[in-house]
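>>> Next input, structure requested:
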Amino acid sequence: MKKLTIGVIDLVFISSSTQAALLAYALSNFFRSQGAVTVLGGSHARCYPDDAVQYFDYVLGFANQSTISEVLEDCSPQRLLGKYLAAGKQPLQLPGVAQRWKYIEATFKKSTFSQNDTHDRQYGLSLYLPLLH
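Numbers count the residues shown, from 1 in each chain. Coordinates of the predicted model:
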């Protein structure tokens, strides 16, 4: 069996609920085996940080610009136990659609939904994203 390897990836951010935590742990294990530093955020990281630090280099509780900056500035492997970082509270406000539109539009243009009028219902799921100009 050929070993799966990835290109050069230095840092991987994963957000996970507890339902998907085992998959997140497996992904972290894979990326760490390739030399990447891994970061977990999301509800599982906030609810079970003591467990998550065993599998990730950084575990984020509430995150804001300063917690992300701290990870990016250090960005070193924490192999025995990960480092838990948390902001004191949730952000007071988040950017609205108007502020995020250039990112939303770029993603929408890449999607198959914008490339044709017929939506593939093979998986029993249809996505409709109205354009907001």
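
>>> Just the CA coordinates for the helix-or-strand element of the chain with minimal mean pLDDT, please, in PDB.
Least confident helix or strand of the chain, by mean pLDDT, DSSP states H and E, is helix 97-110 with a mean of 84. What follows is helix 97-110 as a C-alpha-only set of coordinates in PDB (Å, rounded to 0.1, in the frame of the first residue of the first chain):
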ATOM      1  CA  VAL A  97     -22.900  40.100   4.000                       C
ATOM      2  CA  ALA A  98     -22.000  43.500   2.400                       C
ATOM      3  CA  GLN A  99     -18.500  43.300   4.000                       C
ATOM      4  CA  ARG A 100     -18.000  39.700   3.100                       C
ATOM      5  CA  TRP A 101     -19.600  39.900  -0.400                       C
ATOM      6  CA  LYS A 102     -16.300  39.700  -2.400                       C
ATOM      7  CA  TYR A 103     -15.600  36.300  -0.700                       C
ATOM      8  CA  ILE A 104     -19.100  35.000  -1.100                       C
ATOM      9  CA  GLU A 105     -19.300  36.000  -4.700                       C
ATOM     10  CA  ALA A 106     -15.900  34.400  -5.500                       C
ATOM     11  CA  THR A 107     -17.000  31.100  -3.900                       C
ATOM     12  CA  PHE A 108     -20.400  31.200  -5.600                       C
ATOM     13  CA  LYS A 109     -18.700  31.700  -9.000                       C
ATOM     14  CA  LYS A 110     -16.600  28.500  -8.400                       C
END
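
>>> Low-confidence bits of this structure, can you list those?
1-7, 111-133 (pLDDT under 70).

>>> go again using 80 as the cut-off
Applying pLDDT under 80 to the chain flags the ranges 1-8, 90-92, 94, 107-108, 110-133.
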